[in-house]
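[1] fold the following, please.
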Amino acid sequence: MSIPVEPVTVPDAVEELARGATLTPVWRNDYGGLTFRTDDGRYIKYGARNAESSFAGEAARLKWAGSYIRVPRVLELGGDDTHEYLVTAALPGLSAVDPRWIADAATAVRAVGEGLRALHDALPVADCPFDWTVPSRIANAARRGIQVPDALHEPPPIDRLVVCHADACCPNTLIGDDGRWVGHVDLGTLGIGDRWADIAVASMSTAWDYGEGWEDALIEAYGIEPDRERLSYYRDLWNAT
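    This next block holds a predicted model:
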């Protein structure tokens, strides 16, 4: 995933969804899908359908999670046989990888860690209809032709079962002017799993976004001591799937 730096050709479907609003490309995902911000307070996600997740699945997760935490409100959902789109209302705050927060990594990392803990504490496992446990992730990978190494088929015992964000990389936390988290975005694979599945990815992503040395600071902000075995396992699983 990356922030587009080269000129982006706006798909016709996105131009139609914009309805005259000015579009700014803000994100390109691993499948080539694009996210645009409009100047009237919306985000438009558009891309080819893929076997890992869908915008329909993300919309369902946003609607469910929105009863408990601050996430984008779904405005429109649709597509055709090959492509799909999701339009949501913008939330306040800036991504944790906005230049403002890249320049203040200590504040950003603390906000991401605290925000992830708040998400885990707020979302009720008993009522969650979505699965992100290790077996479901391995099965999803298999459907995409990915063979997960045998060593990863036996995860460590579950520490605490929570509803995971499932893409808890730093860019998906929004931070307000006061330096505190204000919301979460990109919940396309949200589901039940061990909390270390999220913590491992969130802490690992600090190195990509802020440089080395911030991983344990995020875990401290989450409010727990590092568990090196679970961190290693869930990072390997993330990279393998």
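[2] where do the helices sit along the protein?
    Using DSSP state H, the helices of the chain run over 12-18, 55-65, 99-102, 105-122, 134-143, 195-210, 215-222, 228-240.
[3] state the number of residues packed around the spatially closest residue to residue 106 that is not a sequence neighbour.
    Using Cβ to Cβ, 6 or more residues apart in numbering and skipping residues adjacent in sequence, the residue nearest residue 106 is residue 217, 7.2 Å away. For the C-beta atoms, the positions are set from N, CA and C on the backbone; glycine is no exception. When counting by other Cβ atoms under 10 Å, one arrives at 18 neighbours for residue 217.
[4] cool, and residue 6?
    Residues within reach of residue 6, counting by other Cβ under 10 Å, total 6.
[5] worst mean pLDDT across the helices and strands of this structure, which element?
    Taking mean pLDDT, DSSP states H and E as the measure, strand 23-28 is the helix or strand of the chain with the lowest mean score, a mean of 90.
[6] pLDDT weak spots in this structure?
    The chain contains residues with pLDDT under 70 at 1-2, 4-5.
[7] thought residue 115 was touching residue 172?
    No: look at residue 115 against residue 172 with Cβ atoms under 8 Å: they stay out of range, at 9.4 Å.
[8] identify the contacts common to the two.
    Taking Cβ atoms under 8 Å, 6 or more residues apart in numbering as the contact rule, residue 115 and residue 172 both touch residue 184.
[9] which one of the two has more residues nearby?
    Neighbours per residue (other Cβ under 10 Å) separate residue 115 from residue 172, with residue 115 holding more: 28 against 23.
[10] so how far is residue 6 from that one?
    Applying Cβ to Cβ, to the nearest Å, the value for residue 115 to residue 6 is 31 Å.
[11] ok, now which ones touch the residue nearest the centre of the chain?
    Note on the chain: the residue nearest the mean C-alpha position is residue 167, at 3.4 Å, using Cα atoms, centre = their mean. With Cβ under 8 Å, 6+ apart as the criterion, the residues that contact residue 167 are 186, 187, 188, 189, 201.
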